[in-house]
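1. Provided below are the primary sequence and the corresponding predicted coordinates.
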Amino acid sequence: MGFINVLVKQVLGDPAVLIGLVALAGLIIQKEKLTKIISGTLKTTIGFLIIGIGAGAVVGALSPMGELLQATLDVNGVVPNNEAVISIAMEQVGSQGALIMVGGFVVNLFLARFTNFKYIYLTGHIMLYLSMFFAAVLFSVAGLSGTMLIVVGSICAGLYFTFMPALTQPFMRKIKGHDNIAFGHTGAIGNVISGWLGNIFGEDTKDAEEIDLPEGLSFFRDSTVSMAVTMAPIYLILVLLAGPNFVESNISGGTNFLVFSLMHGFRFAAGVTVILSGVRMMLAEIVPAFEGISEKVVPGARPALDCPIIFNDAPTALLMGFLSSTVGTIVGMFILLLADAPTIILPAIVPAFFAGGSAGIFGNATGGWKGAVFGPFIGGIILSLGTAILLPMSGMLEQAGTTFGDPFYAVIGPIFTGFLHLIGG
């Protein structure tokens, strides 16, 4: 199992390494010059690393916002955290989960090669999380073990890796303007819901990126400036609601509340700007490199990649979706409180940015700025309610004391685990 663990955690599980290897293979298949192979592979890998650095900055900037919301709302509950839940699975069924990830990738490649669903899932950490989820619930809820656990888990993972990108692709064509890239993230089902809901408003609604602004506010057309100018006041409002003294004593580490608010808003904007830079570099290399695989190995194949691949296409819709999704999770929390639910799901800011922001871009593609707001708002409510339902049904994962933060687990998760409870007795 040593080799399998290295393969899963350090190769397939590291998206930068996985994407770099795919670019390397594609360029070699195309018989490019050695200099082009080296350059394309390095730029693809480094582009993905830049995305990761930017994502880390965004997560760091957003983390205190969750604390501020909890302090402001004064509600005890569960904050969704994918990593905390997956750590429980890795402790108890880590080896089986690793094999499921490898098996699921093989199933994905087989289906892409021999069916019309030409999508190859390349978001390594999402593949790992999904595989651990399937391993944990199939083992602890359905009672599967050994070879049967790995086979069934691999089929489940492989089906998801193949068919979920296919479900999002009609919207991706609208967003990207071409058919070369697919979407590979557990926020995909939320994006599809947002895209469907956007149809309520129709394409006649003004695009979020084309909203008319007075001359004095024209600087908002710069995505970096607009994010900084939007997020800093939001931070300041939350800080004032939580109490400046409380924030300086418990959250900011003694930093003046005004400086803390401004700098976290600016750090958020800086992180997103870094992500967009990495996306541009990575896509400029992976798309032509993937043509080798598309031509020779899996004809017509498209890589399914992580959320940031669409951030450049509609940064205003991204911000709208993030904020709207956050409001939706707060509304969902109050619905759970009013229903006297046994589990109260608190707003999860990081999923609201990556999954909710992506949903905003999908909603914008079909319903303009109204779709960018409405779809993620509904998605935020679904996220809170669905993960509250999933938590007590998730077998060994319930002991993590938290739950997942992405739409897949809120929508498909309860259906899948509910079915397992039925057949598992």
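-> In hand now; what should we look at?
2. those strands in the stretch 151-300 of the chain, which residues are they?
-> 182-183 (DSSP state E, counting those that start in this stretch).
3. and the strand or helix carrying residue 362, what does it pack against?
-> Element membership for residue 362, per DSSP states H and E: helix 357-390. Where contact means 3 or more CB pairs under 8 Å, 6 or more residues apart in numbering; DSSP states H and E, helix 357-390 is packed against helix 146-176, helix 188-198, helix 315-338, helix 407-424. Heads up, the C-betas are built off the backbone N, CA and C, glycines and all.
4. for the record, mean pLDDT for it?
-> Regarding helix 357-390, the rounded mean pLDDT is 96.
5. tell me the angle that helix makes with helix 315-338.
-> For helix 357-390 against helix 315-338, the angle by axes from the mean of the first three to the mean of the last three CA atoms, to 10 degrees is 20 degrees.
6. roughly how far is helix 357-390 from the heart of the chain?
-> 13 Å (CA atoms, centre = their mean, to the nearest Å).
7. one step back: out of the helices and strands packed on helix 357-390, which comes closest to residue 245?
-> helix 315-338 (24.0 Å; CB to CB).
8. just the CA atoms of the closest one, as CSV, please.
-> Written as CSV, here are the backbone C-alpha positions of helix 315-338 (Å, rounded to 0.1, in the frame of the first residue of the first chain):
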residue,chain,number,x,y,z
PRO,A,315,-15.4,38.4,-11.6
THR,A,316,-18.3,40.6,-10.7
ALA,A,317,-20.7,37.6,-10.8
LEU,A,318,-18.2,35.7,-8.7
LEU,A,319,-18.4,38.4,-6.0
MET,A,320,-22.2,38.6,-6.2
GLY,A,321,-22.5,34.8,-5.9
PHE,A,322,-20.2,34.7,-2.9
LEU,A,323,-22.1,37.4,-1.0
SER,A,324,-25.5,36.0,-2.0
SER,A,325,-24.5,32.5,-1.0
THR,A,326,-23.3,33.7,2.4
VAL,A,327,-26.7,35.4,3.0
GLY,A,328,-28.4,32.1,1.9
THR,A,329,-26.5,30.1,4.4
ILE,A,330,-27.5,32.5,7.1
VAL,A,331,-31.1,32.2,6.1
GLY,A,332,-30.7,28.4,6.1
MET,A,333,-29.3,28.6,9.6
PHE,A,334,-32.3,30.5,10.8
ILE,A,335,-34.7,28.0,9.1
LEU,A,336,-32.9,25.2,11.1
LEU,A,337,-33.3,27.2,14.3
LEU,A,338,-37.0,27.9,13.7
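9. re earlier: deepest-packed of the helices and strands packed on helix 357-390, please.
-> Most buried of these, by mean neighbour count (mean count of other CB atoms under 10 Å): helix 188-198, with a mean of 26.
10. residue 84: neighbour count?
-> 16 (other CB atoms under 10 Å).
11. any idea how far it lies from residue 128?
-> Residue 84 is 15 Å from residue 128, where distance means CB to CB, to the nearest Å.
12. please apply the same query to residue 188.
-> 16 Å.
13. now residue 315
-> Residue 315 is 28 Å from residue 128, by CB to CB.
14. so what pLDDT did residue 253 get?
-> 88.
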